[in-house]
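Engineer: Need the 3D shape of this:
(chains A, B and C)
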Amino acid sequence: MQPLEPLTILIAEDSAADRLLLSSILRRQGHEVLTAANGVEAVEVFGQQHPHLVLMDAMMPVMDGFEAARQIKAMAGETLVPIIFLTSLSENEALARCLEVGGDDFLAKPYNQVILAAKIKAMDRLRRLQDTVLQQRDQIARHHDYLLNEQRVAKAVFDKVAHSGCLNGAPNIRYLQSPYALFNGDLLLAAFTPAGDMHVLLGDFTGHGLPAAVGAMPLAEVFYGMTAKGYGLAETLREMNAKLKRILPVDMFCCATLLCLSFQRRSVEVWNGGMPDGYLHRIASGERTPLPARHLPLGVLSPESFDERTDMYPMALGDRVFLLSDGVIDTCDANDQLFGVQRLQQVFATNRHPDALFEEIEQALRHFGGETRDDVSMVEVSLLESAQISPPALVYSDSGQSCPLDWSVSFEFRAATLKRFNPLPYLLQLLLEVHGLRAQSGALYSVLAELYSNALEHGVLGLDSGLKRDASGFARYYQERNTRLDELREGYVRLSLQVTPTDDGGCLTIHVEDSGKGFDVERVMARPLEDIRLSGRGVSLIRQLGRNARWTDDGRSARVEFIWEALA
Amino acid sequence: MSVITEVSEDGQRLTISIRGRFDFAKHQEFRKSYEDRELSAVVVDLKDATYLDSSALGMLLLLRDHAGGDDSDVRVVNSSTDVRKILAISNFDKLFDIS
Amino acid sequence: MDDTHVDRDVLSALQEVMEEGYPDLLDIFLADSEERLKVLRAADSAALLVATAHSFKGSSSNMGALRLTELCHQLEQQARSLPRPAVQELVGEIDREFAGIRPLYEAERQRCPAKI
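Structural biologist: Next up is the predicted model:
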């Protein structure tokens, strides 16, 4: 018999001879022995000495073994103290009672040392197993507390990174997200571009917990950094994909839908990689256009294979884009039935007041009876008047004392460059070195962007802005744009910037020229200034935001000024 | 066994069949089924797969990476309608031959 | 006394286990048994008879007293159903059996070195 760790064993037996015999047997086996002659003594000794195991005679005076066993088991609580009843196997009733009170085994008289040793060993193994289970349970509970704390810290850090966005400030965004949605991989970001457009990202990382949260931070930094500098959706997508591909393990990725909502151009640009359908709700017709996933999630494809092509849709005032994470669709009821896209569309169909959509979806989810999930995220972005949207002012870190006041620079961007490079963020950064221009950065960016896109799209690519008259023409226009840009072999956009001091302050002159065919300047100028945005060359925008806007050389050359007063 | 592997006669093609839910619980088994082999062509048979989640997508990406990344030849066959839908939303048909 | 009454192997096993405690064990067994017999003879309730017979049965079996164990078992089982004279007869048998084997245990006691 293999040696067993010595135990402290309590013998409760009223027959003195039997008690003596059993004690000797146990001591010979290396154990420490406590004795009791009746039930009351047994309970008392147990309470004082806490033996590992009890050998209990069933029939004892004062208090019998059954009652003593019951009390001892109660005192032991969640610790397992095995009780072996000393009884004759012929008494079936007694056997049943032994089990009822929690007895773990029996030993018959006459005592057989071999059997006794074997039973003690078996019981001790159980006892130690229970002990291990309790220890591990406690360890798990402690670990869980640590994890919760780590999550809390991670969340606090993340909230600081994320707060630079406009999710809570902008009047045109509504969203619903559980506070710990991040730890289910759901990410919601929103920020203004310098031109006053709004970028929105709804993302869903694979996995849960800290890995998902950790991936979110570099993504958020790229999103906010590039949006603030004036980069478009495509470039931002490229960067985010490259970053995630680089830092995340192969099996981790981020499904995401990105939007660029332009209040000025009354359009929304959409990129959906792996997320459920978003919906563009047109208020006038009540129609809801699905925005399906046409791309792989972020972080899967290498930079060479990544597809940043977006889809463009026109929007009217009051129209909304609605995005949701798959937590909504995948909510299950008790029978493992999914809530599903059809039920969602039923809610859409019965919805009368657009503002009530969120509540109605939440109600439908509750009615469905599913388990409320922690990763239900919804966001709704509306197109409001640009005047209603006020992006926060940019904050600069330098004093402007050493800013350049008298300089000029020109660029010529040729075909190969036009295809892959967006010069606007760079140009804007350059111009913002001029302290006096900072107050007009929004207007400056809008005008630069408009001039550049006119020169590129209508000039070099020869696209007809008349195509953008309606929704399908709109989509065709942007598809055509991508095709022509891909095929571009020749052409150029020349851009020159001139900053000169004046008596009062300074003047910036922007000059943009393209290699295209030009347009009928007089006809476009004749249009009233408040023309609708859907088509047209944004000429009125340039005229409104800049000064002395002029088109020459049959429209191939555009010129506009920005003036500022010197600050005290 | 819920992940079953079979090598073709000429030893060139590995077929991995998934039974039941294709989710994170199968992670180890799935990886073991291919990691010690040099692969030229792999077929993932989802005939008996009832469900697929994002960790399954991740596992497919790991397999593809092991089998040569952009040069790999990984086919996903016998997908049910539900499984097809999930693969479609994530646009995985751009990376895998799905039928 | 032949082995149907006392199992000698049990006694040697006991001696081995008890070592120098063997004499004590014998003494206690004999003393306890006397006590139990007194109770059995005077018992007026079936419950008391059953309990005492049960107890006596237990220690007899531990001490290798086979026939005694069997008789106590019978009393334990039948004390409630047998008429009083039959019970008394059974108690008498137990008494006689014990008287018969008692010298054997005493001899064992003598065999062992005297305890200080």
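Engineer: can you point me to the longest helix in chain C?
Structural biologist: Secondary structure of chain C read by DSSP state H shows that its longest helix is helix C:84-111.
Engineer: what is the rounded mean pLDDT of that one?
Structural biologist: Within the predicted structure, the mean pLDDT of helix C:84-111 is 92.
Engineer: What helices and strands are in contact with it?
Structural biologist: Contacting helix C:84-111 under the criterion 3 or more Cβ pairs under 8 Å, 6 or more residues apart in numbering or on different chains; DSSP states H and E are the following elements: helix C:22-42, helix C:66-78. Any C-beta I mention is one placed from the backbone N, CA and C, and that applies to glycine too.
Engineer: export the ones you listed to TSV and tack on mean pLDDT, mean neighbour count and distance to residue A:480?
Structural biologist: Supplementary listing: the helices and strands packed on helix C:84-111 in TSV, determined by pLDDT from 0 to 100; neighbours: other Cβ atoms under 10 Å in any protein chain shown; distance: least, Cβ to Cβ, whole Å:
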stretch	mean pLDDT	mean neighbour count	distance to residue A:480
helix C:22-42	93	17	108
helix C:66-78	93	19	105
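Engineer: Let me have those helices in TSV, extended by distance to residue A:499.
Structural biologist: Shown next, in TSV, are the helices and strands packed on helix C:84-111 (distance: least, Cβ to Cβ, whole Å):
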stretch	distance to residue A:499
helix C:22-42	115
helix C:66-78	117
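Engineer: Do I have it right that residue A:275 meets residue A:329?
Structural biologist: No - counting by Cβ atoms under 8 Å, residue A:275 stays clear of residue A:329, with 10.5 Å between them.
Engineer: ok, residue A:372 - contacts?
Structural biologist: Neighbour list for residue A:372: A:331, A:365, A:366 [criterion: Cβ atoms under 8 Å, 6 or more residues apart in numbering or on different chains].
Engineer: What strand or helix carries the last one?
Structural biologist: This means residue A:366. When secondary structure is defined by DSSP states H and E, residue A:366 falls within helix A:357-368.
Engineer: Scan the chain for its longest helix.
Structural biologist: Looking at chain A here, since you left the chain open. Longest helix of chain A, by residue count under DSSP H: helix A:113-162.
Engineer: The intended chain is chain B.
Structural biologist: Longest helix in chain B by number of residues (criterion: DSSP H): helix B:54-66.
Engineer: Can you point out the buried residues in the very next helix or strand once past that one?
Structural biologist: Downstream of helix B:54-66, the next assigned helix or strand under DSSP H and E is strand B:74-77. Buried residues in strand B:74-77, counting neighbours by 16 or more other Cβ atoms under 10 Å in any protein chain shown, are found at B:74, B:76.
Engineer: quick one: contacts of strand B:74-77?
Structural biologist: Strand B:74-77 is contacted by residues B:41-47, B:60, B:63-64, B:67, B:87, B:92, B:96-99 when judged by Cβ under 8 Å, 6+ apart.
Engineer: Considering only those, which also neighbour chain A?
Structural biologist: Filtering the contacts of strand B:74-77 for proximity to chain A (criterion: Cβ under 8 Å from any Cβ of the partner chain) leaves residue B:92.
Engineer: Any quick PyMOL command for the buried ones out of the contacts of strand B:74-77?
Structural biologist: With 16+ other Cβ under 10 Å as the burial test, the buried ones among those are selected in PyMOL as follows:
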select buried, chain B and resi 42+43+44+45+46+60+63+64+67+87+92+96+98
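Engineer: Residue A:438 belongs to a strand?
Structural biologist: No - the assignment for residue A:438 (DSSP: H, G, I helix; E, B strand; the rest coil) gives helix, which keeps it out of a strand.
Engineer: Would you confirm that residue A:103 contacts residue A:87?
Structural biologist: No - with contacts counted by Cβ under 8 Å, residue A:103 stays clear of residue A:87, the gap being 9.1 Å.
Engineer: OK, contacts around the residue nearest to the spatial centre of chain B?
Structural biologist: Geometric centre of chain B, nearest residue: residue B:44, 3.7 Å, by Cα atoms, centre = their mean. By Cβ under 8 Å, 6+ apart, the contact list for residue B:44 reads B:15, B:16, B:17, B:18, B:60, B:63, B:74, B:75, B:76, B:77.
Engineer: The same query, at a cut-off of 7 Å, please.
Structural biologist: Taking Cβ atoms under 7 Å, 6 or more residues apart in numbering or on different chains as the contact definition, residue B:44 lies against B:16, B:60, B:74, B:76.
Engineer: Check residue C:73 too.
Structural biologist: Neighbouring residues of residue C:73 by Cβ under 7 Å, 6+ apart: residue C:57.
Engineer: Let's verify the residue lying closest to residue A:477 once chain neighbours are set aside: helix, strand, or coil?
Structural biologist: Residue nearest to residue A:477 in three dimensions, not counting chain neighbours: residue A:467, with 4.3 Å by Cβ to Cβ, 6 or more residues apart in numbering or on different chains. Taking three-state DSSP as the rule, one finds residue A:467 in the helix state.
Engineer: thought residue A:467 was touching residue A:476?
Structural biologist: Yes - shown here, residue A:467 and residue A:476 form a contact pair, counting by Cβ atoms under 7 Å, at 6.1 Å.
Engineer: okay, the two: which has more neighbours?
Structural biologist: Using other Cβ atoms under 10 Å in any protein chain shown, the more surrounded residue of residue A:467 and residue A:476 is residue A:467, with 17 against 14.
Engineer: if we can go back for a sec, of residue A:275 and residue A:329, who's got more company?
Structural biologist: Using other Cβ under 10 Å as the criterion, residue A:275 and residue A:329 rank with residue A:275 on top: 26 against 18.
Engineer: other SSEs contacting the helix or strand bottoming out on mean pLDDT in chain B?
Structural biologist: Comparing every helix and strand of chain B by mean pLDDT, DSSP states H and E singles out strand B:3-7 as the least confident one, with a mean of 86. Using 3 or more Cβ pairs under 7 Å, 6 or more residues apart in numbering or on different chains; DSSP states H and E as the contact criterion, the neighbours of strand B:3-7 among helices and strands are strand B:13-22, helix B:27-35.
Engineer: quick one: terminal-to-terminal distance for stretch A:326-337?
Structural biologist: The first and final residues of stretch A:326-337 sit 15 Å from each other (Cα to Cα, to the nearest Å).
Engineer: List the buried residues in it.
Structural biologist: In terms of neighbour count (16+ other Cβ under 10 Å), stretch A:326-337 has its buried residues at A:326, A:327, A:328, A:329, A:330, A:331.
Engineer: ok, the nearest residue to residue A:385 once chain neighbours are set aside - how many residues close by?
Structural biologist: Among residues not flanking residue A:385 along the chain, residue A:317 sits closest, at 6.6 Å (Cβ to Cβ, 6+ apart). A count of neighbours around residue A:317, defined by other Cβ under 10 Å, yields 13.
Engineer: Likewise for residue C:104?
Structural biologist: 16.
Engineer: quick one on the thing from earlier: output the contacting helices and strands for the longest helix of chain A.
Structural biologist: The helices and strands touching helix A:113-162, judged by 3+ Cβ pairs under 7 Å, 6+ apart, are strand A:53-57, strand A:105-107, helix A:209-229.
Engineer: could these be laid out in a markdown table, adding distance to residue B:26 and mean pLDDT?
Structural biologist: Shown next, in a markdown table, are the helices and strands packed on helix A:113-162 (distance: least, Cβ to Cβ, whole Å; pLDDT from 0 to 100):
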| stretch | distance to residue B:26 | mean pLDDT |
| --- | --- | --- |
| strand A:53-57 | 43 | 94 |
| strand A:105-107 | 41 | 86 |
| helix A:209-229 | 19 | 84 |
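Engineer: circling back: so which of the helices and strands packed on strand B:3-7 has the densest surroundings on average?
Structural biologist: strand B:13-22 (a mean of 19; mean count of other Cβ atoms under 10 Å in any protein chain shown).
Engineer: any idea of the mean pLDDT in that one?
Structural biologist: If you average the pLDDT values across strand B:13-22, you get 90.
Engineer: just stretch A:356-364 next, same as before
Structural biologist: In this model, stretch A:356-364 has an average pLDDT of 88.
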